[in-house]
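A.B. asks: need a structure here:
(one chain, ligands or ions: 1)
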Amino acid sequence: MDLAWTQSDREPYSIENIRAGEGNAFQRHPLIENWEEQTLAIEKEFKEFFSVDMNEGWECPEGYPEGIDQKILAGHLDDDAKTGNRTRLLRFQPGVFTTLPFVHEHWEEVYLVSGDLIVGNDENGEGGEQFQPNTYACRPPGAYHGPFKSEGGCLLFEIHYYDKG
Ligand SMILES: [Fe+2]
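C.D. replies: The predicted structure is shown next:
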């Protein structure tokens, strides 16, 4: 993967450069030793603040029912090599639910940004515990979770990563 921010041929920035409008986001702080030669364990793009287009780039992940879509924000997972680090949004349409618990070999952190999320419903979408925004989970590899449902629809922010980077 081409990490643009390790390829800069500019001088490391200083506070003076920044104040003079000469710094840019593709430079790294000089206190990071050998910054121009480093290879990082995590291959993830450098993306400074940008407006996320919530109308484009959604797809239904493999194995999920219709009505649940993801939008990748950064990184990637290689499920065969069991490496990688990915950040995504996951969106449930109202009333959609899954029927079996999930389990996977990567870490997972989930933050419920908006809407409601029901955890532990049965195969008919009944029962379970309903959570509101600002709900968080952190799951190590092998942890069973779900099934999940959303009554009114919801938006989740998720970070996935394999233990070896
Ligand atoms: Fe999961």
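
A.B. asks: Contact residues of this protein facing the ion?
C.D. replies: Taking CB under 5 Å from the ion as the contact definition, the chain meets the ion at 102, 108. In short, each C-beta sits where N, CA and C put it, glycine included.

A.B. asks: Nearest spatial neighbour of Gly120, chain-adjacent residues omitted?
C.D. replies: Using CB to CB, 6 or more residues apart in numbering and skipping the chain neighbours, the partner closest in space to Gly120 is Gly128 (4.1 Å).

A.B. asks: what do you get for His145?
C.D. replies: In space, and not counting its chain neighbours, His145 is closest to Phe102: 5.4 Å by CB to CB, 6+ apart.

A.B. asks: now swap in Lys44 and tell me
C.D. replies: Gly75 (4.3 Å).

A.B. asks: Run through the strands of this structure in chain order.
C.D. replies: 68-78, 83-92, 107-115, 117-119, 129-131, 135-139, 148-149, 154-161 (DSSP state E).

A.B. asks: most tightly surrounded among these?
C.D. replies: strand 148-149 (a mean of 24; mean count of other CB atoms under 10 Å).

A.B. asks: I'd guessed Glu151 sits against Ile118; true?
C.D. replies: Yes: if you go by CB atoms under 8 Å, Glu151 and Ile118 touch, sitting 6.7 Å apart.
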